[in-house]
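Engineer: Pasted the sequence and its predicted model underneath.
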Amino acid sequence: MSDEDAAAPAPPSPDSIRKVQSAIQSLSSIEPSIPTSLSSSNNPALSLLQDPKVSSRISALLREPNSGSGDNNLCRWLYDTFQSTVPELQLVVLRFLPVVAGIYLSRIVHRKPQAGFEAVLLALYASETNSRSGQAVTVTIPDLSHSSVYHESKSTVKNNATNLDLAVVSPSLEPHGTVRSTRRARIVGVALELYYSKISLMPIKSKIELCEFCKIWAGQDGDMYKGFGSESERKQIDDDDEDEDEVVGDGEEEPEIIVTEEEKRMKKKEGRIPLPWELLQPVLRILGHCLMGPNNSKEKELFDAASDACRCLYARAMHDVNPKAILAIGSLLRLLKRVEDNKFDDFDDYSDVISL
């Protein structure tokens, strides 16, 4: 069962359908090539979410040079559409978050104003802030100082530090009305956490777009880790150590591997960015889904894109000597290696194992 079929949303109400039809009409005024016939389907929001031609056109518009400006009509549409509070329309906005976040972060390092993108990201952040009601997102972890429920304990261990049983996945949120440089990674990271919470409803192409931006953000070539954990891989790393600084530079600029003027132009628009943990953590959770979620061959493109992204991010973590990132991404690469070493006959067998 594919991601699109895994958790289909409930049928929309008549009021929601009317709001979706109005949103489609408004979008058609921005981009005339988007067919208004989407409004006549039984579930117009789902049609808008999954239509590949429409998604491709909107993604192209978001990549235009002035797409993130404060007066951009498409950014205004994304903002208003999400603020409509119609769940089906909010999914449509989330579908384009990888492109919005990807272009925004790649441009902001060049200090380009992106007020339109920031308004969309703040809307997503505010929504998540309200839904959490000031509470942090935590998970319970086993406390090894206590006996397992499957064993009898001969003595009672007194431990009043009950907070040791909780791990904070995402700290509590504070309302923000603007995007400052010190808040940027947190705001975008929270938007990606919201995306992850709905990831089973996102089209495959949306997730592939995020994987592609991960490679751009990393600013590193991860091909050296295709044999991660093997003897040949370790030898390759040793051989490449002396060349790493020459390829990467001082860590502030992209590798100067330029072939055409088009590549030079794209490099100015998109490139290597800072990757603090508050941004990297939700990215890795999404990549983990992309690696473990596929269960048939038609989704192999997503698996391959996530694999490449993990290798590039691992190369970046090694270059930055970031222990937390090295440990986390290394775990994903070990999972990846089990598949690439043919320990699973096909994606169906792989899905059976990870579902245990």
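Structural biologist: Great, that's in hand.
Engineer: What separation do you get for residue 107 and residue 95?
Structural biologist: From residue 107 over to residue 95 the distance is 21 Å, taken as Cβ to Cβ, to the nearest Å. For glycine as for every other residue, the C-beta is placed from the backbone atoms N, C-alpha and C.
Engineer: can you give me the helices in the stretch 101-250 of the chain?
Structural biologist: Using DSSP state H, counting those that start in this stretch, the helices found in the stretch 101-250 of the chain span residues 115-132, 184-197, 204-218, 231-248.
Engineer: now the second one against helix 204-218, angle please.
Structural biologist: Right, the one you point to is helix 184-197. For helix 184-197 against helix 204-218, the angle by axes from the mean of the first three to the mean of the last three Cα atoms, to 10 degrees is 150 degrees.
Engineer: Figure out the helix or strand that residue 310 lives in.
Structural biologist: helix 300-320 (DSSP states H and E).
Engineer: how much distance is there from that helix to the middle of the chain?
Structural biologist: A distance of 13 Å separates the C-alpha centroid of helix 300-320 from that of its chain, computed with Cα atoms, centre = their mean, to the nearest Å.
Engineer: Use 9 as the first number for this chain going forward.
Structural biologist: Sure thing, new numbering starts at 9, so read that last one as helix 308-328.
Engineer: The nearest residue to residue 143 once chain neighbours are set aside: what's it in contact with?
Structural biologist: What sits nearest to residue 143 in space, not counting adjacent residues and going by Cβ to Cβ, 6 or more residues apart in numbering, is residue 180, at 6.1 Å. Residues touching residue 180, when contacts are defined by Cβ atoms under 8 Å, 6 or more residues apart in numbering, comprise 140, 142-144.
Engineer: my read is residue 79 is in a strand, agree?
Structural biologist: No: per DSSP: H, G, I helix; E, B strand; the rest coil, residue 79 lies outside any strand segment and is coil.
Engineer: give me phi/psi at it?
Structural biologist: For residue 79, the backbone dihedrals are phi -100, psi 10 (criterion: degrees, to the nearest 10).
Engineer: OK, contacts around the closest residue to it other than its chain neighbours?
Structural biologist: Beyond its immediate neighbours in the sequence, the residue positioned closest to residue 79 (Cβ to Cβ, 6+ apart) is residue 124, lying 7.4 Å away. Residues touching residue 124, when contacts are defined by Cβ under 8 Å, 6+ apart, comprise 75-80, 82-84.
Engineer: Would you map out the domains in this structure?
Structural biologist: With automatic domain parsing serving as the domain definition, the record reports that the chain contains domains spanning 11-143+178-210, 217-362.
Engineer: Tell me how far the longest one lies from the chain's centre.
Structural biologist: Using Cα atoms, centre = their mean, the distance from the centre of domain 11-143+178-210 to the centre of the chain it belongs to is 13 Å.
Engineer: from what I can see residue 342 touches residue 236, true?
Structural biologist: Yes: using Cβ atoms under 8 Å as the test, residue 342 is close enough to residue 236 to be in contact (7.2 Å).
Engineer: More neighbours: those two, which one.
Structural biologist: The neighbour count for residue 342 versus residue 236, taken as other Cβ atoms under 10 Å, is higher for residue 236 (22 against 11).
Engineer: picking that back up, in PDB, list the C-alpha atoms belonging to the helix holding residue 318.
Structural biologist: Provided in PDB are the C-alpha atoms of helix 308-328 (Å, rounded to 0.1, in the frame of the first residue of the first chain):
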ATOM      1  CA  LYS A 308      12.100   3.200  -5.400                       C
ATOM      2  CA  GLU A 309      12.800   6.700  -6.800                       C
ATOM      3  CA  LEU A 310      12.000   8.100  -3.300                       C
ATOM      4  CA  PHE A 311      14.200   5.500  -1.600                       C
ATOM      5  CA  ASP A 312      17.100   6.400  -3.900                       C
ATOM      6  CA  ALA A 313      16.600  10.200  -3.400                       C
ATOM      7  CA  ALA A 314      16.600   9.700   0.400                       C
ATOM      8  CA  SER A 315      19.700   7.500   0.200                       C
ATOM      9  CA  ASP A 316      21.600  10.100  -1.700                       C
ATOM     10  CA  ALA A 317      20.400  12.800   0.800                       C
ATOM     11  CA  CYS A 318      21.600  10.800   3.800                       C
ATOM     12  CA  ARG A 319      25.100  10.200   2.200                       C
ATOM     13  CA  CYS A 320      25.500  14.000   1.500                       C
ATOM     14  CA  LEU A 321      24.400  15.000   5.000                       C
ATOM     15  CA  TYR A 322      26.700  12.400   6.500                       C
ATOM     16  CA  ALA A 323      29.600  13.800   4.500                       C
ATOM     17  CA  ARG A 324      28.600  17.300   5.800                       C
ATOM     18  CA  ALA A 325      28.400  16.000   9.400                       C
ATOM     19  CA  MET A 326      31.900  14.500   9.000                       C
ATOM     20  CA  HIS A 327      33.300  17.700   7.600                       C
ATOM     21  CA  ASP A 328      31.800  19.700  10.400                       C
END
